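Colleague: Any chance you could fold what I've pasted below:
(one chain, ligands or ions: 2)
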Amino acid sequence: MAGLALDFLWITAVLYAGHVAAYFGLGGVLAWWNARHPERRIQSGRRGEDRARAEIVKSLKALVPICAMMGAGLALQRHGITLWKPAEGWAAWLGMFALSVLLFDAWFYWAHRMMHWRPLYRFHRVHHRSLAPTVWSTYSDDPLDAVVHQGYLLIAPLVLPIPPSVLIVHRLYDHANGQIGHAGFEYFASPTARRPWPLVCTTFHDQHHELFNCNYGNFFSIWDRVMGTLHPGYDRKVGAMAAGAPPSPSRPGAARPAE
Ligand SMILES: [Zn+2]
Ligand SMILES: [Zn+2]
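Modeller: Ligands and ions are numbered 1, 2, ... in the order given. The predicted model follows:
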């Protein structure tokens, strides 16, 4: 038991250090790049950067439960307290990675829809204080909101034969996806970011912050399309940007966050 607790502590500490490095590393590069490309700003009337300090403080706190959950999942797996042993071999590795990305996209969509439910929204409100998100908004969450959205990191190692390296690469991918998705500047509006492709560009989650009641997904637009929550102008807008139109805000006609 002492060994399990010790493993939980050191794995969580390493994960937290890694997350902070990735947060400031990728965030710093993206912020530097954005400053050189003002024409790529999506919400041209807002300066989300003014909230950077508050977002960073919230993020450094929310990363504690996120890393603790992942640390607990990996420590329990290390001690064999799981349903399955991690799968072995490259084919299994690739298959588990694809499955993990698909499962987490579903987890995120439904967790996110749940946090927009009025009795729970007060825990998600912190994240929506960022009307124009920035690279620093990714983890700007109430700790409980972070637990709900990232609880997958604890559950997955317990119920799936997921190798630890798959979970780590999954988390790195989700981290990069999160910071690019919150960047507030659009560079990825290609034809593959719209119908009939399931991929998204930065505008997808930016619209969620700007307009509030659309685009709840994470990696893909699949669940939003199936459930009818995709912003009706999203595909058209991405198509126009892919053809050379500059990024732009999506108002008017937006619902306001329920304060
Ligand atoms: Zn939301
Ligand atoms: Zn967000």
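
Colleague: Send me stretch 102-109 as CSV with only the CA atoms.
Modeller: This file holds the C-alpha atoms of stretch 102-109, laid out as CSV (Å, rounded to 0.1, in the frame of the first residue of the first chain):
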residue,chain,number,x,y,z
LEU,A,102,-12.7,8.2,-30.1
LEU,A,103,-13.8,7.2,-26.5
PHE,A,104,-12.4,10.4,-25.0
ASP,A,105,-14.2,12.5,-27.7
ALA,A,106,-17.5,10.9,-26.6
TRP,A,107,-16.6,11.4,-22.9
PHE,A,108,-15.8,15.0,-23.4
TYR,A,109,-18.9,15.8,-25.5
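
Colleague: Need the residues that contact it.
Modeller: Stretch 102-109 is contacted from outside by 149, 151-152, 156, 160, 170, 174, 216-220, 222-224, 227, using C-beta atoms under 8 Å, 6 or more residues apart in numbering. Using the backbone N, CA and C atoms, a C-beta is placed for each residue, glycine as well.

Colleague: What is the nearest of those residues to residue 141?
Modeller: Using C-beta to C-beta, residue 149 is the member of the contacts of stretch 102-109 that lies nearest residue 141, at 7.2 Å.

Colleague: so who does the closest one touch?
Modeller: 108, 111, 112, 115, 141.

Colleague: what separates stretch 220-229 from the chain centre, distance-wise?
Modeller: Remark: stretch 220-229 is offset 16 Å from the chain centroid, using C-alpha atoms, centre = their mean, to the nearest Å.

Colleague: Endpoints of that stretch, how far apart?
Modeller: For stretch 220-229, the first-to-last residue distance is 13 Å (C-alpha to C-alpha, to the nearest Å).

Colleague: try stretch 67-86
Modeller: This stretch, stretch 67-86, spans 20 Å end to end (C-alpha to C-alpha).

Colleague: Residue 55 falls within a helix, correct?
Modeller: Yes - Residue 55: assigned to a helix according to DSSP: H, G, I helix; E, B strand; the rest coil.

Colleague: most residues in a single helix of the protein, which one?
Modeller: Ranked by number of residues, the top helix in the chain under DSSP state H is helix 2-35.

Colleague: could you give the mean pLDDT of that helix?
Modeller: The pLDDT scores in helix 2-35 average 97.

Colleague: Residue 84 belongs to a strand?
Modeller: No - read with three-state DSSP, residue 84 is coil and lies in no strand.
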